[in-house]
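Chemist: return a 3D structure for these sequence lines:
(one chain, ligands or ions: 1)
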Amino acid sequence: MAPVLSRLLFRRIVQAPFLRTSTGFSFCRNVHSIPFSSVEVEQISGSKPGEVHNLVQGKWIGSSGWNTIVDPLNGEPFIKVAEVDETEIQPFVKSLTKCPKHGLHNPLKSPERYLLYGDVSSKAADMLSTPEVTDFFARLIQRVSPKSYQQAWAEVNVTVKFLRNFSGDQVRFLARSFAVPGDHLGQQSHGYRWPYGPVAIITPFNFPLEIPLLQVMGALYMGNKPVLKVDSKVIIVMEQMIRLLHHCGLPLEDLDFINCDGKTMNKLLIEGNPSMTLFTGSSRVAEKLAVDLKGRIKLEDAGFDWKVLGPDVREEDYVAWVCDQDAYACSGQKCSAQSIMFMHENWSKTSLISKIKDLAERRNLTDLTIGPVLTLTNEMMLDHMNKLLTIPGAKLLFGGEPLKNHSIPAIYGAMKPTAVYLPLEEMMKDENYELVTKEIFGPFQIITEYKSDQLSVVLDSLERMHAHLTAAVVSNDPLFLQEVIGNTVNGTTYAGLRARTTGAPQNHWFGPAGDPRGAGIGTPEAIKLVWSCHREIIYDIGPLPLNWTTPPSS
Ligand SMILES: NC(=O)c1ccc[n+]([C@@H]2O[C@H](COP(=O)([O-])OP(=O)(O)OC[C@H]3O[C@@H](n4cnc5c(N)ncnc54)[C@H](O)[C@@H]3O)[C@@H](O)[C@H]2O)c1
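Modeler: This is a model prediction of the structure:
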């Protein structure tokens, strides 16, 4: 695209929220009305790059070198990240090792800090929900992880709701204990939720605000001291959020924040020896860290997320719309994105596929309903697609081509929403199965069909998959739902005619199942599971029975 056209397109995208926000209000944001921010979101550019720093032991610090991040829409270097290298990790190691295993607070130490965190959450929710600040974060998310304004706004909104949920007394309720009467007078056992103390959090690029914020707050609520590392491409969002949290009363020394590459973080984990690490990202890195950290880890890893359409065909337009959203919103870069759809033969007789195709073809770069793919190039996606198309009976349903007329740099992918059809029998063959079920973190899905007597083959296929994150069973037939849900394991499974795979709100658990290392995010249960362990204290204070004497040895 010619530079002028690209600038125009860019300007259209950045100005969109000022003209029409999804909440219906219109305003003109001024950075000076945002007391914590250190960047002007609309002005970040080659001539006025945004800068990101590190936070350790209560101080914002730089590093010996800058990593330059390029604008995913036009390739212009636009953010400078003070990236810590392997020789500079000692302050972070020291900070972790300074935190005792019993944490910064626990039910028997500094309990007033549970209340402090209720207050911080309440103030942060209030501030984040003001229209100016919501817009500031939605736009900042769009600049680094391009997605539609509505998707970015939803990410901020879920974060606000989460903070509200853990306001007031809700943080201390997370640490609720229980007591069981003992065997004799004065004895009672108490079960407590205990922190791990020093912990680490590693998060990917696709939800720059929601994933790190929810995990960091969960860790802090339970009394841990986290060091946070977010993917450098998007880390500016969380840097600004930490400044907001400080403004709302987060003690400066409670949270460390490091900008570094994966290798440096790996070294920090080994030297700093956190008691627990929460990793959200690819299965490749997850498996490496599980070994390096000797199992002291919880994982939110890859998703090869499936949808099964049952025999009862209803609400075709609605189901088509949900399929389009699930597979292609955020350009398919949600860990919950629909990777494969098993369609009952009754649906094949409808216009479902052509409706999904029409919806997918509405997506465009102007409003970022389709956009850059940050971890795969076009060559990688086309290569995968072409391999699939060599399978007998395979066909391209739609897409399969790079986007045109844009200035997305070649280091990123830019593909039209794509769907490939594969016959179920071929997919199940040993020589094809692994290829077919490889996660493509972009706007790409597989569609297959099954006959009424082939449900067991579908269930076999779901059993053979490795990642069990989200799933959807689209049917209102209770016996069908029972059959499919009873024979599968995915941690977040939606069931019913309106079932989807994406768009997790703040009110339910999100995470994989079927793996003891599986983590969760969002709910009180997720926070307690990931960020605390069980400690039992058996009080036994007497008195001794009257006339007690030493019994014989036993
Ligand atoms: N399960 C979930 O909740 C969830 C949520 C979002 C994304 N994901 C998954 O994340 C993947 C996409 O993200 P990605 O490509 O950025 O993942 P990635 O694994 O490449 O990177 C994730 C994070 O790990 C860091 N990292 C890389 N190597 C490391 C190492 N050796 N030690 C420590 N840290 C290291 C990266 O810098 C980044 O911050 C997809 O597979 C997607 O399904 C899962």
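Chemist: could you use CA atoms for every contact and neighbour count after this?
Modeler: Will do.
Chemist: who in the protein is up against the ligand?
Modeler: Contact residues, the chain versus the ligand (Cα under 6 Å from any ligand atom): 202-205, 230-231, 261-263, 265-266, 280-282, 285, 300-303, 335, 375, 511.
Chemist: assumed Gly295 was part of a helix.
Modeler: No - read with DSSP: H, G, I helix; E, B strand; the rest coil, Gly295 is coil and lies in no helix.
Chemist: where does it land on pLDDT?
Modeler: According to the prediction, Gly295 has pLDDT 98.
Chemist: what's the helix or strand harbouring Ile69 packed up against?
Modeler: Secondary structure from DSSP states H and E places Ile69 in strand 65-70. Secondary-structure packing of strand 65-70 (3 or more Cα pairs under 8 Å, 6 or more residues apart in numbering; DSSP states H and E): strand 77-83.
Chemist: which other helices and strands does the strand it packs on contact?
Modeler: Strand 77-83 packs on strand 50-52, strand 65-70, going by 3+ Cα pairs under 8 Å, 6+ apart.
Chemist: so what are the sheet partners of that strand and their directions?
Modeler: Sheet pairing of strand 77-83 (DSSP bridges) gives strand 50-52 (parallel), strand 65-70 (antiparallel).
Chemist: can you name the residue of the stretch 451-554 of the chain nearest to the ligand?
Modeler: Closest residue of the stretch 451-554 of the chain to the ligand, Cα to the nearest ligand atom: Gly511 (5.7 Å).
Chemist: give me the pLDDT for that residue.
Modeler: 96.
Chemist: which ones are touching it?
Modeler: When contacts are counted by Cα atoms under 8 Å, 6 or more residues apart in numbering, Gly511 touches Glu300, Leu469, Thr470, Gly491, Thr492, Gly518, Ala519, Gly520, Ile521.
Chemist: before we move on, what about Asp71?
Modeler: So Asp71 contacts Ser45, Pro77, Phe78, Ile79, Arg143, Val144 (Cα under 8 Å, 6+ apart).
Chemist: for these, which one is nearest the ligand?
Modeler: Closest approach between the contacts of Asp71 and the ligand, by Cα to the nearest ligand atom: Val144, at 12.9 Å.
Chemist: keep only those of the residues of the chain next to the ligand that are in helices.
Modeler: Among the residues of the chain next to the ligand, the members found in helices (DSSP state H) are Gly262, Lys263, Met265, Asn266, Val285.
Chemist: buried among these? Make that a PyMOL selection.
Modeler: Buried subset of these, written as a PyMOL selection, criterion 16 or more other Cα atoms under 10 Å:
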select buried, resi 265+266
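Chemist: as a markdown table, the ones in helices among the residues of the chain next to the ligand with pLDDT and distance to Asp367 would be great.
Modeler: Output for these, formatted as a markdown table (pLDDT from 0 to 100; distance: Cα to Cα, whole Å):
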| residue | pLDDT | distance to Asp367 |
| --- | --- | --- |
| Gly262 | 97 | 32 |
| Lys263 | 98 | 35 |
| Met265 | 98 | 35 |
| Asn266 | 98 | 37 |
| Val285 | 97 | 33 |
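Chemist: tell me the domain ranges of this protein?
Modeler: What the TED database lists as the domains of the chain is 88-301+524-533, 306-495.
Chemist: hmm, back to that, now, of the helices and strands packed on strand 77-83, which is deepest in the fold?
Modeler: Mean neighbour count (mean count of other Cα atoms under 10 Å) peaks for strand 50-52 among the helices and strands packed on strand 77-83, with a mean of 22.
Chemist: past that strand, which element shows up next along the chain?
Modeler: By DSSP H and E, the next helix or strand past strand 50-52 is strand 54-56.
Chemist: gap between the very next helix or strand once past that following strand and the chain center?
Modeler: Using DSSP H and E, the helix or strand that follows strand 54-56 in sequence is strand 59-61. Distance of strand 59-61 from the chain centroid (Cα atoms, centre = their mean, to the nearest Å) equals 27 Å.
Chemist: which residues touch strand 59-61?
Modeler: His53, Asn54, Leu55, Leu252, Glu253.
Chemist: equivalent analysis for stretch 478-487, please.
Modeler: Contacts of stretch 478-487 (Cα under 8 Å, 6+ apart): Gly310, Leu459, Val473, Ser475, Ala495, Gly496.
Chemist: for stretch 351-362, same thing?
Modeler: Contacts for stretch 351-362 (Cα under 8 Å, 6+ apart): Glu316, Asp317, Val319, Ala320, Trp321, Cys323, Asp324, Tyr328, Leu397, Phe398, Lys416, Pro417.
Chemist: go again with 6 Å.
Modeler: Identification of contacts with stretch 351-362 by Cα atoms under 6 Å, 6 or more residues apart in numbering yields Ala320, Asp324, Pro417.
Chemist: still on that earlier bit, and which of the contacts of Gly511 is nearest Ser348?
Modeler: Ranked by distance to Ser348 (Cα to Cα), the contacts of Gly511 are led by Thr470 at 23.6 Å.
Chemist: is it true that Ser189 lies in a strand?
Modeler: Yes - counting by three-state DSSP, Ser189 falls inside a strand.
Chemist: not counting its neighbours along the chain, what's nearest it?
Modeler: Ile538 (4.1 Å; Cα to Cα, 6 or more residues apart in numbering).
Chemist: residues near the one you found, how many?
Modeler: Neighbour count of Ile538, defined by other Cα atoms under 10 Å: 16.
Chemist: ok, now Lys404?
Modeler: For Lys404, the neighbour count with other Cα under 10 Å is 12.
Chemist: could you look up the SS state of it?
Modeler: Lys404 is classified as coil under three-state DSSP.
Chemist: please apply the same query to the one 5 residues further on.
Modeler: In terms of secondary structure, Pro409 is coil; the call rests on three-state DSSP.
Chemist: phi first, then psi, for the residue nearest to Arg139 when sequence neighbours are not counted.
Modeler: Computed as Cα to Cα, 6+ apart, the closest residue to Arg139 that is not its neighbour in sequence is Val41, at 6.9 Å. Dihedral pair for Val41: phi -60, psi -40, per degrees, to the nearest 10.
Chemist: count the neighbours of Val41 for me.
Modeler: 22.
Chemist: residues in contact with the nearest residue to Pro195 once chain neighbours are set aside?
Modeler: Leaving aside its sequence neighbours, Pro195 sits nearest to Ser532 (Cα to Cα, 6+ apart; 4.6 Å). By Cα under 6 Å, 6+ apart, the contact set of Ser532 is Arg193, Trp194, Pro195.
Chemist: in the stretch 251-400 of the chain, which spans are strands?
Modeler: Along the stretch 251-400 of the chain, the segments classed as strands by DSSP state E, counting those that start in this stretch run 256-258, 276-280, 297-300, 305-309, 338-344, 395-398.
Chemist: how much space separates Thr134 from Glu463?
Modeler: Separation of Thr134 from Glu463 (Cα to Cα, to the nearest Å): 41 Å.
Chemist: between these two, point out the one with more neighbours.
Modeler: More crowded of Thr134 and Glu463, by other Cα under 10 Å: Thr134, with 20 against 13.
Chemist: leaving out the residues flanking it, which one is nearest to the more buried one?
Modeler: Once flanking residues are discounted, Thr134 sits nearest to Leu128: 5.6 Å by Cα to Cα, 6+ apart.
Chemist: how many neighbours does that neighbour have?
Modeler: Here the number of neighbours of Leu128 (other Cα under 10 Å) works out to 24.
Chemist: please apply the same query to Arg535.
Modeler: Neighbours of Arg535 under the rule other Cα under 10 Å: 13.
Chemist: could you look up the SS state of it?
Modeler: Three-state assignment for Arg535 (three-state DSSP): strand.
Chemist: distance of Gly272 from the ligand?
Modeler: To the ligand, Gly272 is 13 Å away according to Cα to the nearest ligand atom, to the nearest Å.
Chemist: how about that residue: what's its closest non-neighbour residue?
Modeler: Val93 (4.5 Å).
Chemist: what's around that neighbour, how many residues?
Modeler: 20.
Chemist: state the distance from it to Asp256.
Modeler: 10 Å.
Chemist: ok, now which ones touch the residue in the stretch 101-250 of the chain positioned nearest to the ligand?
Modeler: Using Cα to the nearest ligand atom, the single residue of the stretch 101-250 of the chain nearest to the ligand is Asp231, 3.5 Å away. If you count contacts by Cα under 6 Å, 6+ apart, Asp231 has them with Pro204, Phe205.
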